[in-house]
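1. predicted model and sequence follow; I will ask about them next.
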Number of protein chains: 2
Amino acid sequence: MKKLITLLSVATFLISCNEQKEKTTIVNNGLSSEEKIDSTHVKHFFNTVLTEGKSYEWLRDLTQNIGGRLSGSHEAEKAVVWGEKLMKEVGLDSVWLQPVMVPHWVRGEKEVANYTINGVTKNVPVCALGFSIATPKNGITAEVIEVKSIEEAKKLGNKASGKIVFFNGAFDNTLINTFQAYGGCVGQRFSGAATVGVLGAKGVIVRSMTNGIDDYPHTGSMGYGEISQEQYIPAAAISSRAAENLSNDLKTNPNLKFFFKQNCETLPDSPSFNVVGQITGTENPDKIMVVGGHLDSWDLGEGAHDDGAGIVQSLEVAYLFKKNNIKPKNTLRVVFFMNEENGLRGATEYSRLAKLNNELHIGGLESDAGGHTPRGFSIDANPENTKLIKSWNKLLAPYGLHDLVKGGSGADVGPLKNEHVTLVGYRPDSQRYFDYHHTSTDTFDKVNKRELELGSASMTSLIYLMDKYLYTQDKVKP
Amino acid sequence: MKKLITLLSVATFLISCNEQKEKTTIVNNGLSSEEKIDSTHVKHFFNTVLTEGKSYEWLRDLTQNIGGRLSGSHEAEKAVVWGEKLMKEVGLDSVWLQPVMVPHWVRGEKEVANYTINGVTKNVPVCALGFSIATPKNGITAEVIEVKSIEEAKKLGNKASGKIVFFNGAFDNTLINTFQAYGGCVGQRFSGAATVGVLGAKGVIVRSMTNGIDDYPHTGSMGYGEISQEQYIPAAAISSRAAENLSNDLKTNPNLKFFFKQNCETLPDSPSFNVVGQITGTENPDKIMVVGGHLDSWDLGEGAHDDGAGIVQSLEVAYLFKKNNIKPKNTLRVVFFMNEENGLRGATEYSRLAKLNNELHIGGLESDAGGHTPRGFSIDANPENTKLIKSWNKLLAPYGLHDLVKGGSGADVGPLKNEHVTLVGYRPDSQRYFDYHHTSTDTFDKVNKRELELGSASMTSLIYLMDKYLYTQDKVKP
């Protein structure tokens, strides 16, 4: 009996080893027959986009004929009309506008900042942060107190009183993924003013959020949180080079006085829209996969990488499906979200309506990390679907899409999160992103045609695979 | 006996499976203890370059204070002096100049080209190809015959006689690696003139080698091969947009006459130098690993991506070794090769002297594919070392270096090839490369600081691993 068991286990072991060998063979020698079909479709998406892609010319139109399009602005209105028209031209089955009230903050006149040291006045590249209040009409002049973080600022106590607090936390440039570096210090931009407003500071200037040393102020959102309105103080970003210089000058002249002036204003909320279009699914029209980016942008540049790129890529996903005569089994919905930059009202409203209408979202893919060369996707899903997406590595790697990692998806698809929905963020190379982010240099010429197009085809390939294989509530892993 | 053999094989099998399991565990659960040491060194290289890197400022100096530096030019001379001085500043153990005679082709006055159609004269962005002869003083005017390839041109026969042959083969944009697309049509640039010179053509114009449609003529090398000197005809590149337009205009006006004028000239060979410096190996000073790029560049731009980037990255490899107090076991030699673009005389001479002096080269790494974001390395080595380098995937992947593939290394280290030497080409992302390649737009501002630096650290990491692990003639795989 013992011998039989031994023989049986050896046999089982051998069979198991053979299975292992077979699996290895498939992996090593290429693709299964089904994977070959998928591989061909993926190749077609890339071939089509690189020869008949539309995204680059769409982006040219959006950025150069409309330009920066902050929520509530006339340009944002024009972008909505542009988006709706374009979705119809691409031939989506249905296109509609989803009304949403958005914040309406305006920058006003160009900001001014300077300080005088040893008799020489140094002009400082400066811009108000989104939602900041204005300075008094004649600006603010005060001594400066420098900190590197919110934590340090909290400890200032009385010392902050009557001062301009200078948040000079720099990116950790050793982080390969620049978004991590951004994450490490964006807090000072967002809540610096609230932190020291309660301490009686007169104003806040923040080092621009960028890896490099440049002369552009990088704007971005801030908020006053729960502090009382009397404690609101003006907040501005100064260029990274100006921050370096100011920091040095403060070492020799700790009592130098900094001046800045801005007359930005928050007006009453404005009516606006998400632009939505879809290709209805052939098998499961009630199951929805969203692909999108945000239509609004900051006002300083043209919103090319942030997020014009994501907008045109998202629509190009639908274009590439149609151009290759592939009909999604589930409904493929393209959404141009409004107001990601300062409010997230579009995404919030989209998600609210989806719940209200009992819409079943099975997937969401967001492109809001620039139009640079593809690197991969960041997956926010249950373990089964996470594993599934990672298993597409061999289909995606030939296109530079090696990074299939667990992580966040994006601000606009984020509100759709639940245990069943598979959310994914498109992740292009991040090295150049913060050179342009929220500045006047985020313009069309910074986007490379092929890189943008490769992104569109990357996203299309992922959506194609998600449409075909995703495990959903009624289609679970066998 | 049979039973014993069976038992033995089962035992062996089980042991083998256990070994397999252990290896798998190491791979799955992280790194072996030795790999952890390597991983730390690699991380230090990246940390150092991203905080204290020198390459970007070196490149600024080379490109903006010297500029384009075609072999034989005054700028190339200045670049040699610059290179020698810089190597000494970095503190290499020894630095020397290796004399080499190089071709001396000069462009002369700015080229002119145009044609008239329906009474409108269209100016064409044009530049002479390197080594081309001049046109007659008043230029060439002739009808145009369009072909898409060398093969098509060969079949022209008498039809080419008296004509300007227009090589209009375009990049295959569906190829993800743009160097493959370049390889697919660079033949028409290099040997177009020789091909139709023998057929009595008056001149050759070639569509610029680029993925996109732009207004810049892209120069590059050509040769007359074995044809007789009387059959030499002038050859020029025209911009890709001009090529598209001309092709369209020829459809409606097949007899239009094209005019171009250039007064380039090949002067007698000039004396020049490879710039060489090394850190002597602590254990095997007689075993040499070369890292290099080419110091010469085309004259139209600043030679920033091609190959200023490779030059400063190669030197930064030595800088990063020194800065991290890592002494290579084998001799690490940095070579700034002269004359890669039009002659390869520097590399040829370097290799000739290496053989003459019985130098033992064990490895070579070349950076001549631009300063863009890292993607990997292309390996030209024996199977053992190829496998070895591929096994470093888990150490290199965190830095975006996923592509460890068998392939060519580079033109300058290529002549060192033999069965024992391991040659590698650094492979950054290729999408933007041919936007700038050999044009006036290959300037410093096109290079991103972090991307350039990541390349330096990528190369340093590879050289560190090669220095430690490479199988050589007396250190074979156990």
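-> Everything's here; your move.

2. interface residues of chain A facing chain B?
-> With C-beta under 8 Å from any C-beta of the partner chain as the criterion, chain A meets chain B at residues A:10, A:13, A:17, A:46-47, A:50-51, A:173-174, A:176, A:178, A:211-212, A:373, A:375, A:397-400, A:402, A:429, A:431-432, A:435, A:448-451, A:454. Where you see a C-beta, it was placed from the backbone N, CA and C, and this is true even at glycine.

3. for the longest strand along chain A, which positions count as buried?
-> In chain A, assigned by DSSP state E, the strand with the most residues is strand A:265-279. The neighbour-count check on strand A:265-279 (16 or more other C-beta atoms under 10 Å in any protein chain shown) flags A:266, A:270, A:272-279 as buried.

4. and stretch A:99-110, by the same measure?
-> A:100-105, A:107.

5. now, which of those lie within strands?
-> Using DSSP E, these in strands are A:100-105.

6. may I see those arranged in CSV, with distance to A:Arg333 as well?
-> Converted to CSV, these look like this (distance: C-beta to C-beta, whole Å):
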residue, distance to A:Arg333
A:Val100, 16
A:Met101, 22
A:Val102, 21
A:Pro103, 25
A:His104, 27
A:Trp105, 29
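
7. ok, back up a step: just flag the most distant two among the buried residues of strand A:265-279.
-> The most widely separated members of those, counting by C-beta to C-beta, are A:Thr266 and A:Ile279 (38.5 Å).

8. could you turn the buried ones of the residues of chain A next to chain B into a ChimeraX selection?
-> With 16+ other C-beta under 10 Å as the criterion, this ChimeraX line picks the buried residues out of those:
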select /A:46,47,50,173,176,178,211,212,373,375,399,400,402,429,431,432,435,448,449,450,451,454
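
9. only C-alpha atoms, please: export stretch A:183-197 in PDB.
-> Coordinates of each C-alpha in stretch A:183-197 appear next as PDB, following Å, rounded to 0.1, in the frame of the first residue of the first chain:
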ATOM      1  CA  GLY A 183       3.000  63.700  -3.500                       C
ATOM      2  CA  GLY A 184       5.700  64.300  -1.000                       C
ATOM      3  CA  CYS A 185       5.400  68.100  -1.000                       C
ATOM      4  CA  VAL A 186       2.100  69.100  -2.600                       C
ATOM      5  CA  GLY A 187       0.600  69.300   0.900                       C
ATOM      6  CA  GLN A 188       2.400  72.700   1.500                       C
ATOM      7  CA  ARG A 189       0.700  74.100  -1.600                       C
ATOM      8  CA  PHE A 190      -2.700  72.800  -0.700                       C
ATOM      9  CA  SER A 191      -2.900  73.500   3.000                       C
ATOM     10  CA  GLY A 192       0.000  75.900   3.700                       C
ATOM     11  CA  ALA A 193      -2.300  78.900   3.900                       C
ATOM     12  CA  ALA A 194      -4.800  77.200   6.300                       C
ATOM     13  CA  THR A 195      -1.900  76.000   8.500                       C
ATOM     14  CA  VAL A 196      -0.400  79.400   9.100                       C
ATOM     15  CA  GLY A 197      -3.600  81.500   8.600                       C
END
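
10. pLDDT of it, averaged?
-> Taken as a whole, stretch A:183-197 has a mean pLDDT of 97.

11. which parts of that stretch are buried?
-> Per 16+ other C-beta under 10 Å, stretch A:183-197 contains these buried residues: A:184-186, A:188-197.

12. what about chain A, any weak spots by pLDDT?
-> A:1-29, A:476-478 (pLDDT under 70).

13. change it to 50
-> A:1-29 (pLDDT under 50).

14. against A:Asp474, how distant is A:Asn330?
-> Separation of A:Asn330 from A:Asp474 (C-beta to C-beta, to the nearest Å): 12 Å.
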